[in-house]
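Asker: give me coordinates for this.
(one chain, ligands or ions: 1)
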Amino acid sequence: MNVLKCLLLLFFLAGNLWARPNVLFIGVDDLRDWVGHLSGHPNAKTPNIDRLAKRGVSFTRAYCSAPLCNPSRISLLTGVAPSKSGVYGNGEKLRQKLPDAVTLMQHFRASGYSVRGAGKIFHGTSAYDMDSWDIFFKSPGSKKHRVKRDSSLPKSAWVPWGALACSDDEMLDGINAKWIITELKKPQEKPFFLAYGLTKPHLTWSVPQKYFDLHPLEGIKLPPTKKGDLDDLPAFGEKLAREVYDPSGERDFAVKPNGDHVNVIANNQWLKGIQAYLATISFADAQIGRVLDALDRSGHAGNTIVVLWGDHGWHLGEKEHWRKHALWDVSTRTPLVFSAPHGVAKGKLCQRPVSLIDIYPTLLDLCGLPELKGLDGQSLKLLLENPDRQWERPVVITYGLNNHAIQTERWRYIRYRDGGEELYDHERDPNEWTNLASISKYSLQKSKLSKWLPVKKLVN
Ligand SMILES: [Ca+2]
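Answerer: Numbers count the residues shown, from 1 in each chain. Purely as a prediction, here's the structure:
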């Protein structure tokens, strides 16, 4: 018995000596690259995301698996690509499509972590996938804060934004931040996986006035656009820009185009929309700052991995398009930052293309957790150690059945279900203004890229 006791004591001590790192997992809804250190927009102000980036590695080419909340998040959280799960739109439910999936949080729970979360991690009804959580904070919700609409605008004007006369703590993301901060203050009996999901900068872009004050309308810059940019798109691409596509495949395009860009221009709201999105990003950044400060005060920062991700990008007039719902760079690229006490470079940008689907295997690798079979991503550990190393595998992005984009460091190749194609050379054309797909000298390039297209799945 004494020998057994000794062994148990040694085992216990070893377990403490090599305690697993904690994870602070921060998801941000609809955040594109308009973040200070990524230079996506000259007016972006995100001091807190920037200081996190200084502690770790920030990816300049991180892409979602799908340019929409539900399929992007289900893919990120299960490690299963949309072309395998058939989760293409916001209507599909996690447990209907993937009943046996082991979510990232489930895997951490099974590995001895205390897994807690608040806010938007999953989308919609999957939010309360209770197998994923030890504790999930069901916020009582915030009061409805109404934006005072400019009475000079016609009723038809699309203006889902405006300043609010309330405090951060009256906003849902503020309430959830406070809960996360309280959890960080508690004594921790086990390693923790703490997930904070922000609902901003998703529409509506209504946040306290002080964040609008950070971005005065004078001096706001429009994003780069090209007149006639849609002229060289295949029919499917042009429809994605102008209409509403249903990626779940029941119907292709809404009969009535939503025409956001036409509406914004007609009502002289382009700069105001950009101001409101920038203000909402600054609000989200401030909430992230509160949580990072709480981590620093908690005494756990020295043993906590922080990962921050957006779920996809967002157009504000590029390709005459607003929102996400498309396979271009602007719809699909999003911030991704890792910081860790060990094994992650400090203050580095990584230019290699990576996918949000890589987060799952990366966190298992960084925390020394058992690998899981069937994950479609790959661990980024080697890139986090050395962000300049070679990285061969391109990113696959899917939007609905058989519509895919393949992204390498230089090229983006899009093929739609009807055979329409786009090819962009990011080295010469980072804004994706010139579609090279129909030029014969690029056919070899296209064929190389098309080898990465997922095998066709004929039924949804
Ligand atoms: Ca074009």
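
Asker: all contacts plus neighbour counts: C-alpha atoms, from now on.
Answerer: Noted.

Asker: residue contacts, Ala101?
Answerer: For Ala101, the contacting residues are Thr78, Arg95, by C-alpha atoms under 8 Å, 6 or more residues apart in numbering.

Asker: within the helices and strands, which one has Ser58?
Answerer: strand 57-59 (DSSP states H and E).

Asker: contacts made by that strand with the rest, please.
Answerer: Contacts for strand 57-59 (C-alpha under 8 Å, 6+ apart): 335-339, 344-354, 384, 387.

Asker: what separates the closest residue to Asn403 other than its chain neighbours from Ile357, distance-wise?
Answerer: Counting by C-alpha to C-alpha, 6 or more residues apart in numbering, Asn403 lies nearest to Tyr416, which is 4.3 Å off, once chain neighbours are set aside. Between Tyr416 and Ile357 the distance is 21 Å, computed by C-alpha to C-alpha, to the nearest Å.

Asker: who's more crowded, the two?
Answerer: Between Tyr416 and Ile357, counting by other C-alpha atoms under 10 Å, Ile357 is the more crowded of the two (29 against 21).

Asker: tell me if I am right that that one is in a strand.
Answerer: No: Ile357: not assigned to a strand; according to DSSP: H, G, I helix; E, B strand; the rest coil it is helix.

Asker: look up the pLDDT of it for me, please.
Answerer: Model confidence at Ile357, given as pLDDT, is 98.

Asker: that one against Cys64, yeah?
Answerer: Yes: assessed by C-alpha atoms under 8 Å, Ile357 is found in contact with Cys64 at 7.4 Å.

Asker: and the residue in the stretch 201-350 of the chain that the ion sits nearest to, what does it touch?
Answerer: Nearest to the ion in the stretch 201-350 of the chain, going by C-alpha to the ion, is Asp229, at a distance of 3.6 Å. With contact taken as C-alpha under 8 Å, 6+ apart, Asp229 is in contact with Lys319, Trp433, Thr434.

Asker: got phi/psi on the residue of the stretch 51-200 of the chain found nearest the ion?
Answerer: Closest contact between the stretch 51-200 of the chain and the ion, by C-alpha to the ion, is at Pro67 (19.6 Å). Dihedral pair for Pro67: phi -90, psi 60, per degrees, to the nearest 10.

Asker: and the pLDDT for it?
Answerer: At Pro67, pLDDT is 97.

Asker: His145 now?
Answerer: On the pLDDT scale, His145 is placed at 79.

Asker: what's the nearest residue to it once chain neighbours are set aside sitting at in phi/psi?
Answerer: Setting aside the residues directly before and after it, His145 is nearest to Leu164 in space (C-alpha to C-alpha, 6+ apart), at 6.9 Å. Backbone torsions for Leu164, taken as degrees, to the nearest 10, come to phi -120, psi 150.

Asker: from memory Glu238 sits against Leu230, does it?
Answerer: Yes: between Glu238 and Leu230 there is a contact under C-alpha under 8 Å: 6.2 Å.

Asker: returning to what we had before: so the residue nearest to His145 bridges to which residues?
Answerer: On the basis of DSSP bridges, Leu164 is bridged to Pro208.

Asker: packing partners for the helix or strand harbouring Ile49?
Answerer: Using DSSP H and E, Ile49 falls within helix 47-55. Contact here means 3 or more C-alpha pairs under 8 Å, 6 or more residues apart in numbering; DSSP states H and E; on that basis helix 47-55 packs against helix 270-298, strand 336-339.

Asker: buried ones in stretch 179-186?
Answerer: If you call a residue buried by 16 or more other C-alpha atoms under 10 Å, then stretch 179-186 has these buried ones: Trp179, Ile180, Ile181, Glu183, Leu184.

Asker: what's the most buried one of the helices and strands packed on helix 47-55?
Answerer: When neighbours are counted by mean count of other C-alpha atoms under 10 Å, the highest per-stretch mean among the helices and strands packed on helix 47-55 falls to strand 336-339, a mean of 25.

Asker: number of nearby residues for Arg389?
Answerer: 13.

Asker: how near is it to the ion?
Answerer: Distance of Arg389 to the ion, given as C-alpha to the ion, to the nearest Å: 32 Å.

Asker: leaving out chain neighbours, which residue sits closest to that residue?
Answerer: Leu383 (6.4 Å).

Asker: also Leu363?
Answerer: Ser379 (7.8 Å).

Asker: what segments of the stretch 151-300 of the chain are strands?
Answerer: Secondary structure of the stretch 151-300 of the chain, counting by DSSP state E, counting those that start in this stretch: strands at 161-164, 192-198, 205-208.

Asker: as JSON lines, the ones you listed with distance to Arg412, mean pLDDT and mean neighbour count would be great.
Answerer: Putting those into JSON lines (distance: least, C-alpha to C-alpha, whole Å; pLDDT from 0 to 100; neighbours: other C-alpha atoms under 10 Å) gives the following:
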{"stretch": "strand 161-164", "distance to Arg412": "33", "mean pLDDT": "96", "mean neighbour count": "21"}
{"stretch": "strand 192-198", "distance to Arg412": "29", "mean pLDDT": "98", "mean neighbour count": "25"}
{"stretch": "strand 205-208", "distance to Arg412": "30", "mean pLDDT": "97", "mean neighbour count": "25"}
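
Asker: ok, which of those comes nearest Pro454?
Answerer: Between Pro454 and these, the tightest spacing by C-alpha to C-alpha is seen for strand 192-198, at 29.8 Å.

Asker: parallel or antiparallel, list what pairs with the closest one.
Answerer: Strand 192-198 has the following strand partners under DSSP bridges: strand 22-28 (parallel), strand 114-119 (parallel).

Asker: please save the CA atoms from that strand in PDB.
Answerer: These are the backbone C-alpha positions of strand 192-198, laid out as PDB (Å, rounded to 0.1, in the frame of the first residue of the first chain):
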ATOM      1  CA  PHE A 192     -10.100  26.100 -17.400                       C
ATOM      2  CA  PHE A 193     -11.400  26.600 -20.900                       C
ATOM      3  CA  LEU A 194     -13.300  29.900 -20.700                       C
ATOM      4  CA  ALA A 195     -15.200  31.000 -23.900                       C
ATOM      5  CA  TYR A 196     -16.300  34.600 -24.400                       C
ATOM      6  CA  GLY A 197     -18.400  35.100 -27.500                       C
ATOM      7  CA  LEU A 198     -19.000  38.700 -28.500                       C
END
